[in-house]
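>>> sequence first, then the predicted structure:
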Number of protein chains: 2
Amino acid sequence: MSAHSDSEPALTMRDVAARLGVSPMTVSRALRGQRGIGEATRQRVLAEVAALGYRPNKRARELRSGGPSELIGLVVTNLANPFYSQLAVGLEQICVSYGARVMLGSTGEDPATERDVVADLVDRGVDGLVVVPAGHDHGHLGGLRDLPVVLAASPPMGIDVDCVLVDDFGGTRDACRRLVARGHRRIGFLGLPPSLWTGSERFRGYAVALEEAGIALDERYVSQHRGDSGLAKEAARAMLALPDPPTALLTANNRNTVGALRALRDRAPDEEPVSLAGFDDIELADMLHLPLTVVSYDPVEIGRAAAKLLFERQASTVPQPPRRVTIATTLVDHPAPR
Amino acid sequence: MSAHSDSEPALTMRDVAARLGVSPMTVSRALRGQRGIGEATRQRVLAEVAALGYRPNKRARELRSGGPSELIGLVVTNLANPFYSQLAVGLEQICVSYGARVMLGSTGEDPATERDVVADLVDRGVDGLVVVPAGHDHGHLGGLRDLPVVLAASPPMGIDVDCVLVDDFGGTRDACRRLVARGHRRIGFLGLPPSLWTGSERFRGYAVALEEAGIALDERYVSQHRGDSGLAKEAARAMLALPDPPTALLTANNRNTVGALRALRDRAPDEEPVSLAGFDDIELADMLHLPLTVVSYDPVEIGRAAAKLLFERQASTVPQPPRRVTIATTLVDHPAPR
DNA sequence: CTGTTAGCGCATTCAG
DNA sequence: CTGAATGCGCTAACAG
């Protein structure tokens, strides 16, 4: 019995006004709860609006008023990565509380695509952007018509914008310290490319922890490649085949952890056990065949923090200096079952 | 040295036209590659546009032309669930190939929120909606101003729209058959609420496979609750404590599988081993302490299929009957390590 | 308190 | 091939 189930040319404010014998302005004012309109009139208008199922055209409204679109663009490399999808969840939570929505853009880790996606989102009138950059050149994110931009997981290079970071250095250092405290001296590092901020920071955490312990850095124990579990597995296998293999492995992200786990799984049962610690928590870490120590943090919180930075900057008219929020990490020990 | 790094009132077509000494219409035509304009003029215009960094206002364009917004709304319960984030990835892939973007809406499994989110997305002018429904009442998705809607993971109830389904029944039946083929007669089922389509279909697969094998359904071996790993663990524990406990467990989704795994992990090593099979694949299934059989399928494909249904319907002006696409499943055996 | 005029940025329609 | 008028749906800025 719903009245609006066919495809009439969509009601306009004039239609509503005409049916009521008032001017469109009256409808407009009633709808926006603007004061300066009689209470009786307002009720009459709202009743008619409800009865007709009229919905105002948001784009026409924005065009005329020049107001915000209440739209935030999220640019990530790959939403299938739980890190990014959880970030998206946090971002959306805060956006909704501000009446805004999130528009998605995936880059597939391609900087050229990132440029296009950002341009498209800007053209579509987003009020702000949260970007997990694909490359290290952030120049194209500067001077975006005063559009607030927040970088996630990477500090801005060459531009002055806000960012939300994870404590990559501290987390990795803590994990490495833990391995050292357990008596390990030969610790293999499965890392990310040093061209990535995350990659160099996590490596630095490893290096500093070793230095603190008076352990010399041995290049044979360091591998820095793309975070692909297959490559990580091969790198781990190669390290473990050295004459004096590492007694522990430290991995720089969850892909590397998975690779290391697979390499360790394939070893003979009588071989010396190898300890494992890594950045990023893993679902089912409590179900693995060996104990695992992880650097844990909440990606949802990154999204929330980014959204807050965005809306705070939007709220203030005076220019603010760029801010930097760092999300803390905690070290979590997952014992092996049994 | 980029020219557009401050906050001028944003260029309009008139500005470009004025600088060129032509009318705005000439700029408009050049920009849209419309024929009926001299090649020389077009080049001049495009050069000026590029030099000035002018970008047309998409919303004004849509308002005037009444054309599509090239925006698709995606409504899910929780993007942190990999099922939904992978669906989003597939949806976006196809959308981008059509020049469209995805706008996000999360419902948190609350039907009332779903209504609000859908209404908001419609108000914002999406061209179509992909919805993973939170409830079983889909009435509010009907008669949306002729907006195409595609349901994912659930068939439409009471409305005639397209949908993309997973072969819930066949997948679960196959998994149960496999357990039967391995000699199991007492198979416990950790299911979802039967009010969910997915819940009842997966239960039906279980029931049919048992019937085929001449095994009577035993209520003590059936639990149907929300897909929460904690509840699933308790349910599994209770079943395994029965006088004649099941020798195998069949789980209806990955949350239940995780719960079952934890229940099985906690058993004494000398207890009778229990086989496990479940719907949804799990990362690191190859790293668990016991073999696991899963019903696997590609959530990305669901998103792609939904997008295709949407754009195909958009393309055809004549009314089409509702279509239904079913994504196939495969049974995958993950042996235990060692 | 309400209505009128004008125009957001662009594209359709019709002149030239 | 180009330009001028007109209006998409809505709301500022002014009347009354």
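Perfect, I can see it now.
>>> give me the number of residues near residue A:115?
As a burial measure, residue A:115 scores 17 neighbours (other C-beta atoms under 10 Å in any protein chain shown). In this view, the C-beta of every residue, glycine as well, is placed from N, C-alpha and C.
>>> check the residue of the stretch 101-250 of chain A found nearest chain B and give its pLDDT.
Nearest residue of the stretch 101-250 of chain A to chain B (C-beta to the nearest C-beta) works out as residue A:143 at 3.0 Å. For residue A:143, the pLDDT comes out at 75.
>>> any idea how far residue A:114 is from it?
16 Å (C-beta to C-beta, to the nearest Å).
>>> just to revisit the earlier point, how many residues are close by the residue of the stretch 101-250 of chain A closest to chain B?
Neighbour tally, residue A:143, other C-beta under 10 Å: 16.
>>> so where is the stretch 201-338 of chain A shaky, pLDDT-wise?
A:338 (pLDDT under 70).
>>> again, only this time at 90
Scanning the stretch 201-338 of chain A for pLDDT under 90 picks out the ranges A:225-230, A:254-255, A:265-272, A:283-284, A:286-290, A:314-320, A:336-338.
>>> all strands of it, in order?
With DSSP state E, counting those that start in this stretch, the ranges of strands along the stretch 201-338 of chain A come out as A:222-224, A:248-251, A:275-279, A:292-296, A:324-327, A:330-334.
>>> just give the nearest non-adjacent residue to residue A:275, would you?
Using C-beta to C-beta, 6 or more residues apart in numbering or on different chains and skipping residues adjacent in sequence, the residue nearest residue A:275 is residue A:248, 3.9 Å away.
>>> next, the contact list for the one you found, please.
Applying C-beta atoms under 8 Å, 6 or more residues apart in numbering or on different chains, we find residue A:248 in contact with A:179, A:182, A:184, A:186, A:187, A:188, A:274, A:275, A:276, A:277.
>>> likewise for residue A:306?
By C-beta under 8 Å, 6+ apart, the neighbours of residue A:306 are A:87, A:90, A:91, A:130, A:150, A:152, A:162, A:164.
>>> redo that, cut-off 10 Å
A:72, A:74, A:87, A:90-91, A:94, A:128-132, A:149-153, A:162-164, A:325 (C-beta atoms under 10 Å, 6 or more residues apart in numbering or on different chains).
>>> restricted to strands, list those residues.
A:72, A:74, A:128-131, A:149-152, A:162-164, A:325 (DSSP state E).
>>> tabulate the CA atom coordinates of stretch A:214-228 in PDB.
Taking C-alpha atoms only, stretch A:214-228 is exported to PDB below (Å, rounded to 0.1, in the frame of the first residue of the first chain):
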ATOM      1  CA  GLY A 214      75.200  -5.300  22.100                       C
ATOM      2  CA  ILE A 215      74.400  -7.700  19.200                       C
ATOM      3  CA  ALA A 216      76.000  -6.800  15.900                       C
ATOM      4  CA  LEU A 217      73.700  -6.500  12.900                       C
ATOM      5  CA  ASP A 218      74.300  -9.400  10.600                       C
ATOM      6  CA  GLU A 219      73.100  -8.900   7.000                       C
ATOM      7  CA  ARG A 220      72.600 -12.600   6.500                       C
ATOM      8  CA  TYR A 221      69.800 -12.400   9.100                       C
ATOM      9  CA  VAL A 222      68.000  -9.500   7.400                       C
ATOM     10  CA  SER A 223      65.600  -9.800   4.400                       C
ATOM     11  CA  GLN A 224      63.700  -6.800   3.200                       C
ATOM     12  CA  HIS A 225      61.200  -7.600   0.500                       C
ATOM     13  CA  ARG A 226      57.600  -6.900  -0.400                       C
ATOM     14  CA  GLY A 227      55.200  -8.200   2.200                       C
ATOM     15  CA  ASP A 228      54.200 -11.300   0.400                       C
END
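>>> if we can go back for a sec, for PyMOL, write the select line for the buried members of the ones in strands among the contacts of residue A:306.
Those of these that count as buried under 16 or more other C-beta atoms under 10 Å in any protein chain shown are selected in PyMOL with:
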select buried, chain A and resi 72+74+128+129+130+131+149+150+151+152+162+163+164+325
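>>> which helices and strands does whichever strand or helix holds residue A:59 pack with?
Assigned by DSSP states H and E, residue A:59 belongs to helix A:58-65. Helix A:58-65 makes packing contacts with helix A:24-31, helix B:58-65, helix B:111-123 when contacts are defined by 3 or more C-beta pairs under 10 Å, 6 or more residues apart in numbering or on different chains; DSSP states H and E.
>>> next one: phi and psi at residue A:143?
phi 50, psi 40 (degrees, to the nearest 10).
>>> and if you look at residue A:316?
Dihedral angles for residue A:316 - degrees, to the nearest 10 - are phi -90, psi 130.
>>> from the contacts of residue A:248, keep the buried residues only.
Applying 16+ other C-beta under 10 Å to these flags A:179, A:184, A:187, A:188, A:274, A:275, A:276, A:277 as buried.
>>> now the residue of the stretch 101-250 of chain A found nearest DNA strand C: how far from residue B:73?
Relative to DNA strand C, the nearest point of the stretch 101-250 of chain A is residue A:123 (9.5 Å; C-beta to the nearest atom of the strand). From residue A:123 across to residue B:73, the span is 19 Å (C-beta to C-beta).
>>> can you check residue A:35 too?
Residue A:35 is 33 Å from residue B:73, by C-beta to C-beta.
>>> okay, these two: which has more neighbours?
Set residue A:35 next to residue B:73 and count neighbours by other C-beta under 10 Å: residue B:73 wins out with 24 against 7.
>>> DNA strand D contacts on chain A?
A:9-10, A:12-14, A:24-25, A:28, A:31-32, A:56-57, A:60-61, A:63-65 (C-beta under 7 Å from any atom of the strand).
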